[in-house]
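> structure, please.
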Amino acid sequence: MDDEYAKLVRRVNQPRVVIDNHACEDATVIQVDSVNKHGILLEVIQVLTDMNLAIIKAYISSDGGWFMDVFNVVDNDGNKIRDKEVIDYVQRRIETSAGFVPSRRGSVGVMPSEEHTSIELAGTDRPGLLSEVCAVLADLHCSVVNAEIWTHNTRAAAVVHVTDESTGCAISDPKRLSTIKELLCNVLKGSDDLKTAKTMLSAPGAMHRERRLHQIMFADRDYERVERAGVRAVEERSSRPQVTLLNIEKDYTVITMRSKDRPKLLFDIVCTLTDMQYVVFHGMVNTGRMEAYQEFYIRHVDGLPISSEAERVRVIQCLEAAIERRASEGLELELCTEDRLGLLSDITRIFRENSLCIKRALISTKGTKAKDTFYVTDVTGNPVDPKIIDSICRQIGHTVLQVKHNSTLAPKPPHQQTTMGYFFGNLFKARTFQNFKLIRSYS
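I've put the predicted structure just below:
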């Protein structure tokens, strides 16, 4: 009965989205007012990040059953959103996502589709792993339509969308699906592994790939650090994001995070908190030229703040992992060429033969074109010798494979002490955005 009443309330009180290019000098301001529900913050942020909009500031408030958030966003070039079609599309998408849509907590966003078969992989990372996976798929006549591969803390996870080479459609034959799963499991097992390798097949289906990757790595417990020794260990500890937790009275747990800024950082953090069954009641996000500062007031879905030291440590570890998983580690290489069966297998084999280790990869196809991005290091995790890269580019073709960016040369953000309550000193005296005096009233 309560669930039916909640649906009625959401149906009567449809989300209200206001997009304003005049309220802020350097960003488009998006204000979202809606009936609150678990996961709504993630759904709104997901829409913005899927549109490749960068959230440079955000103000979050969802106490008392109502969700009222403000996001300052810019496009990839750091400009306001000027295109009316884009503005209208963003507004429609947010209203749809924040409106009468059932929670995806149980189904992890799986939706029917006949376009491709989704393959989920998890196992221990090692040099050449992606090359072996791609070789198996090519031998089984599976065309990789798109894929995303993350590695973190000696673990690897991937979501790969494939089609049948002959039909161009999803693979539905149970016997063939079983063969694919068995052979990929053998590749992932590799040498002795204390953790079990996992391969899952979603026959005709689609999902939000990045959220699913977070869930796969979280389930694989990649947040449990494998401590290293020596100079590299000291460097890793010093470059970790700063995450602190503090309980204020018995109401909230305050999380503050300071890290290097990057695209989709807020999505990664809120995704992790949501999947861990925490609710953000108030929050603030502020990004600078290199650094992002975030502060959230949270409770568990049962209404309680974090109560034990073990839970506190686990939340810190999981948030650190969420920030680090998508960090652009290594040299960025971009491949653009005509797509064909076995292309990915051939490219990753060349990388493996030249002792390159793929830390992260984004694979996509559009029509007959393949556009792939790889972040690579040498097998020890250090920068790749430029001579090796030049040799690989000559072998593949300088117009086909290009060096885009070397994150290992980027300067690190200055270390600053985190100050609790930076933004919310007077939060509980004034809970509306008009009191924040950050945007003008739309009433």
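> residue contacts, residue 242?
By CB atoms under 8 Å, 6 or more residues apart in numbering, the contact list for residue 242 reads 256, 257, 258, 259, 418. The C-beta positions use only the backbone N, C-alpha and C, and glycine is treated the same way.
> for residue 404, same thing?
Shown in contact with residue 404 (CB under 8 Å, 6+ apart): 332, 333, 334, 373.
> can I take it that it is in a strand?
Yes - per DSSP: H, G, I helix; E, B strand; the rest coil, residue 404 lies within a strand segment.
> excluding its backbone neighbours, what's nearest residue 264?
Using CB to CB, 6 or more residues apart in numbering and skipping the chain neighbours, the partner closest in space to residue 264 is residue 49 (4.9 Å).
> just the mean pLDDT for stretch 292-303, thanks.
Stretch 292-303 shows a mean pLDDT of 95 in the predicted model.
> and it, what's buried?
292, 293, 294, 295, 296, 297, 298, 299 (16 or more other CB atoms under 10 Å).
> same thing with stretch 43-51?
Going by neighbour count (16+ other CB under 10 Å), the buried part of stretch 43-51 is 43, 44, 45, 46, 47, 48, 49.
> in helices, which of these appear?
43, 44, 45, 46, 47, 48, 49 (DSSP state H).
> so the fifth one makes contact with residue 93?
So that's residue 47. Yes - counting by CB atoms under 8 Å, residue 93 is a contact partner of residue 47 at 4.6 Å.
> quick one: terminal-to-terminal distance for stretch 25-40?
In stretch 25-40, first residue to last residue: 28 Å (CA to CA, to the nearest Å).
> may I see the buried residues of it?
27-37, 39-40.
> now do it, average pLDDT.
Mean pLDDT, stretch 25-40: 92.
> one more: stretch 94-107?
Mean predicted lDDT for stretch 94-107 stands at 53.
> helix or strand: which one has residue 179?
Using DSSP states H and E, the element containing residue 179 is helix 174-189.
> how far is that helix from where the chain is centred?
27 Å (CA atoms, centre = their mean, to the nearest Å).
> next, the angle from whichever helix or strand comes after that helix to helix 174-189.
For helix 174-189, the following helix or strand on the C-terminal side (DSSP H and E) is strand 198-202. Strand 198-202 runs at 150 degrees relative to helix 174-189, counting by axes from the mean of the first three to the mean of the last three CA atoms, to 10 degrees.
> the stretch 151-300 of the chain: helices as residue ranges?
Taking DSSP state H, counting those that start in this stretch to define them, one finds helices in the stretch 151-300 of the chain at 174-189, 209-219, 231-239, 265-275.
> for the longest one, packing partners?
When you say that, I think you mean helix 174-189. The contact analysis (3 or more CB pairs under 8 Å, 6 or more residues apart in numbering; DSSP states H and E) places helix 174-189 against strand 117-124, helix 129-139, strand 198-202.
> now the ones in helices among the buried residues of stretch 43-51 in CSV, with distance to residue 403 and pLDDT?
As requested, those are exported to CSV (distance: CB to CB, whole Å; pLDDT from 0 to 100):
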residue, distance to residue 403, pLDDT
43, 37, 92
44, 36, 94
45, 31, 95
46, 31, 94
47, 32, 94
48, 30, 95
49, 26, 94
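> show me which of the residues you listed is closest to residue 269.
In terms of CB to CB, no member of those lies closer to residue 269 than residue 45, at 9.3 Å.
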